[in-house]
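1. Fold the following, please.
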Amino acid sequence: MSNVPIDCDRPPRVSVILPVYNSERYLAEAIESILSQTFEDFELWIGDDCSSDRSLAIVQAYANQDARIHVLANPTNLGVSATRNRLQAQAQGEFIAVMDADDIALPDRLSQQVSFLHDHPEVVCVGGNHALIDAEGRLLTYLALPPDNEAIQQSALAGHGSICHPCAMMRRSTLQQIGGYDESLKSALDLDLWLRLGEVGHLANLQTVVLHYRLHAHSISETRSTEQRHNARRVCERAWQRRGIEGNFEAGYAWRPTADPESQHHFMLKYGWWAFNSRQRQTALVYGWRAIKLRPFQADGWILLGCAIAKPMPSEEP
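-> Okay, the predicted model is just below:
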């Protein structure tokens, strides 16, 4: 890292907000991915929510070396919604970019999103496509999200995650206008935000990959799968009522493994086939073995393993 000079006479164009709670394993990589952006006119606000590991020490070490980093340590554990609101209240940038402590922003993320919002004044929030990686950073697949406002809104009203939260960049004035995050929600807070933002402006997704989104067993989405589905329905019902429409909630399924072995087996297969179709043979082998360990007498794990060992992948076809 190097000391980066900042102009104290004007606010930065972008404020990146990064809540942290017991994130020491991945935190440095997340911070480095922001500091390595090609777009440099930003401040990075990091809020530690009373971590019991080395997270705060890691954050402070980075802050001591880069003047763009500001640290906000919560006096008590407030939760992620309240921490995000505290961070955005401190932010000075025209735009607020969301970041999570276990993900990796690609170098041109901020540059692309600032340019898009500048060129599309009707858009109040822009996300982007993203890669899914596992706990070890292995590629699983790439996800493309709906690009235009109508498709994003329709998807969100049905309960789907139509914008990847740590890919989002919003206009700070609009986020303040709608009152920030709903602190009563411990999950599905991003879906609620898109629905409320979509009532005052347009939403969009860049059709380029802007972030590597990490799937691991300690993430909020994975540990609160049932609660997340309940809250997603709740925020959709509130949006239907606000908009005076009859909605249809479609997202009544878990999108991360639960503690149930059958759920874990299902997702090991899903991750394995994702990896295989992304030409990640070794990763497909890992998840084939994991599926077999969970359900050794079911054929599907063995089929995945056999394909990962012997079947040609698209790039290997003669």
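2. quick one: low-confidence parts of the stretch 151-300 of the chain?
-> Scanning the stretch 151-300 of the chain for pLDDT under 70 picks out 218-224, 252-254.
3. Over to the stretch 1-150 of the chain?
-> The stretch 1-150 of the chain contains residues with pLDDT under 70 at 1-8.
4. So which residues of it form strands?
-> Secondary structure of the stretch 1-150 of the chain by DSSP state E, counting those that start in this stretch: the strands cover 14-20, 42-48, 69-73, 95-98, 104-105, 123-133, 139-143.
5. Export those to a markdown table and append columns for distance to L294 and mean neighbour count.
-> The way it works is simple: take the backbone N, C-alpha and C, and place the C-beta from them, glycine included. A markdown table is the format used below for these (distance: least, CB to CB, whole Å; neighbours: other CB atoms under 10 Å):
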| stretch | distance to L294 | mean neighbour count |
| --- | --- | --- |
| strand 14-20 | 32 | 26 |
| strand 42-48 | 36 | 24 |
| strand 69-73 | 40 | 18 |
| strand 95-98 | 34 | 26 |
| strand 104-105 | 28 | 24 |
| strand 123-133 | 20 | 23 |
| strand 139-143 | 18 | 17 |
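6. Output these in a markdown table; the columns should cover distance to A151.
-> A markdown table is the format used below for those (distance: least, CB to CB, whole Å):
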| stretch | distance to A151 |
| --- | --- |
| strand 14-20 | 26 |
| strand 42-48 | 29 |
| strand 69-73 | 36 |
| strand 95-98 | 21 |
| strand 104-105 | 24 |
| strand 123-133 | 12 |
| strand 139-143 | 14 |
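7. Which of the ones you listed sits closest to A284?
-> Minimum separation from A284 across the strands of the stretch 1-150 of the chain (CB to CB) falls at strand 139-143, 9.5 Å.
8. Okay, angle between that closest one and strand 123-133 too, please.
-> Between strand 139-143 and strand 123-133, the angle formed by their directions is 150 degrees, by axes from the mean of the first three to the mean of the last three CA atoms, to 10 degrees.
9. so what strands line up beside strand 139-143?
-> Here strand 139-143 is paired, per DSSP bridges, with strand 123-133 (antiparallel).
10. Kindly export the partner strand (C-alpha atoms) in CSV.
-> Provided in CSV are the C-alpha atoms of strand 123-133 (Å, rounded to 0.1, in the frame of the first residue of the first chain):
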residue,chain,number,x,y,z
VAL,A,123,-31.0,5.8,-12.6
VAL,A,124,-30.7,6.0,-8.8
CYS,A,125,-28.9,2.6,-8.3
VAL,A,126,-26.7,0.5,-10.6
GLY,A,127,-25.4,-3.0,-9.9
GLY,A,128,-23.6,-5.4,-12.2
ASN,A,129,-22.9,-9.0,-13.2
HIS,A,130,-20.7,-11.0,-10.8
ALA,A,131,-18.7,-14.2,-10.5
LEU,A,132,-19.5,-16.6,-7.7
ILE,A,133,-16.5,-18.0,-5.8
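11. For the remainder of this discussion, apply numbering that starts at 688.
-> Okay, using 688 as the starting number, the last item reads as strand 810-820.
12. and it, how far from the chain's centre?
-> 8 Å (CA atoms, centre = their mean, to the nearest Å).
13. repeat for stretch 972-979
-> Centre-to-centre, stretch 972-979 and its host chain are 26 Å apart (CA atoms, centre = their mean).
14. could you pull out the helices for the stretch 738-887 of the chain?
-> Here the stretch 738-887 of the chain has its helices, by DSSP state H, counting those that start in this stretch, at 742-750, 767-777, 796-806, 836-844, 859-864, 876-884.
15. buried sites along the fifth one?
-> By neighbour count with 16 or more other CB atoms under 10 Å, helix 859-864 contains the buried residues 859, 861-862.
16. neighbouring contacts of the helix of greatest length in the chain?
-> For the chain, the longest helix by residue count, based on DSSP state H, is helix 912-930. Identification of contacts with helix 912-930 by CB atoms under 8 Å, 6 or more residues apart in numbering yields 843-846, 869, 872-876, 878-879, 882-883, 886, 908, 933-934, 936, 938-945.
17. Many thanks, we can stop here.
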